[in-house]
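> coords below, sequence missing:
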């Protein structure tokens, strides 16, 4: 194996060790009631200069991000929400087309937005996404992140790039359970964050460049691609052949 291969394996092993350690710490925090307070998280995001400047947010569909989604609609920002795992594409919410009485339900994803499904993937969207939000386990001053190992943030950014739906200067905000002033173990393809939100508030990292990840097709199974609407579209568009 090459030195590059050894270093990659070491990074994967080190990240997994960090995950195991943090999961134990988080379980203890939950018992003590000292975990993330999502109301404060949403307020800290809203105060970030990159949030205030952003016009189009991509926000996860998970329940903790409800207030972030609601704030985006109340602040007049376009909102795109992937379906869980992106398996059924995306929903797009235009605050000008969501009545005030429906905004809470829309933020809870109980009122459907415009479905960005396979037929629309080849078309541009109004104003490219210029701010991506995600949740991770650990963040560092240089923007390095350790997620839950499922690669949601990396794949989301890679898909947006492949669809040409992301602004060339897009920023990333990561909500992290823990933070370190040093760095986290990283792999070459890992997406980093420009801002990290912790229990203590918002921290701007030293990262300056926008993420430009590529989909790592070699790590995806044929089953994953076939069951995921957007991945299937991209694989078909690019005429990829899988064994």
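Great, that's in hand. Keep in mind that what you see is a predicted model, and the values were worked out from it rather than measured.

> Low-confidence ranges, the chain, go.
Across the chain, residues meeting the criterion (pLDDT under 70) sit at 1-12, 14-15, 17-35, 149-151, 242-243.

> Show me the helices in it, by range?
3-32, 38-47, 49-53, 66-74, 103-107, 152-163, 222-227, 229-237 (DSSP state H).

> From residue 210, how far out is the nearest residue to residue 51 once chain neighbours are set aside?
Excluding the flanking residues, the one nearest residue 51 by C-beta to C-beta, 6 or more residues apart in numbering is residue 45, at 5.5 Å. C-beta here means a position set from N, CA and C on the backbone, and glycine is covered the same way. Distance of residue 45 to residue 210, given as C-beta to C-beta, to the nearest Å: 18 Å.

> When those two are compared, which one has more neighbours?
Remark: of residue 45 and residue 210, residue 45 carries more neighbours, 24 against 17, as counted by other C-beta atoms under 10 Å.

> ok, the more buried one touching residue 133?
Yes. Using C-beta atoms under 8 Å, residue 45 is in contact with residue 133, at 7.1 Å.

> Please enumerate the shared neighbours of those two.
Both residue 45 and residue 133 are in contact with 68, 173, 175, where contact means C-beta atoms under 8 Å, 6 or more residues apart in numbering.

> Would you enumerate the residues in contact with the last one?
What it means is residue 175. The contact partners of residue 175, by C-beta under 8 Å, 6+ apart, come to 36, 41, 45, 133, 134, 135, 136, 196, 197.

> List just the nearest of those residues to residue 216.
Nearest to residue 216 among the contacts of residue 175 is residue 134, at 17.0 Å by C-beta to C-beta.

> ok, the closest one - contacts?
By C-beta under 8 Å, 6+ apart, residue 134 lies in contact with 60, 147, 152, 153, 156, 172, 173, 174, 175, 193.

> Tell me the bridge partners for it.
Beta-bridge pairing of residue 134 under DSSP bridges involves residue 174.

> shouldn't residue 191 be in contact with residue 173?
No. Using C-beta under 8 Å, residue 191 is not in contact with residue 173; the gap is 11.7 Å.

> Report the buried members of the contacts of residue 175.
Applying 16 or more other C-beta atoms under 10 Å to the contacts of residue 175, the neighbour count classes 36, 41, 45, 133, 134, 135, 136, 196, 197 as buried.

> ok, the residues you listed vs residue 206, which is closest?
Residue 206 lies nearest to residue 196 out of those, by C-beta to C-beta, at 11.2 Å.

> can you tell me how far residue 227 sits from residue 88?
Remark: distance between residue 227 and residue 88 (C-beta to C-beta) = 10 Å.

> okay, the two: which has more neighbours?
residue 88 (15 against 12).

> Distance-wise, check the closest residue to the more buried one other than its chain neighbours relative to residue 166.
The shortest distance from residue 88 to any residue other than its chain neighbours is 5.8 Å, reached at residue 229 (C-beta to C-beta, 6+ apart). Distance from residue 229 to residue 166, counting by C-beta to C-beta: 18 Å.

> Same question for residue 153.
Residue 153 is 13 Å from residue 166, by C-beta to C-beta.

> what's the overlap in contacts for those two?
When contacts are counted by C-beta under 8 Å, 6+ apart, residue 153 and residue 166 are jointly contacted by residue 132.

> So residue 42 is in contact with residue 68, correct?
Yes. Between residue 42 and residue 68 there is a contact at 5.0 Å, judged by C-beta under 8 Å.
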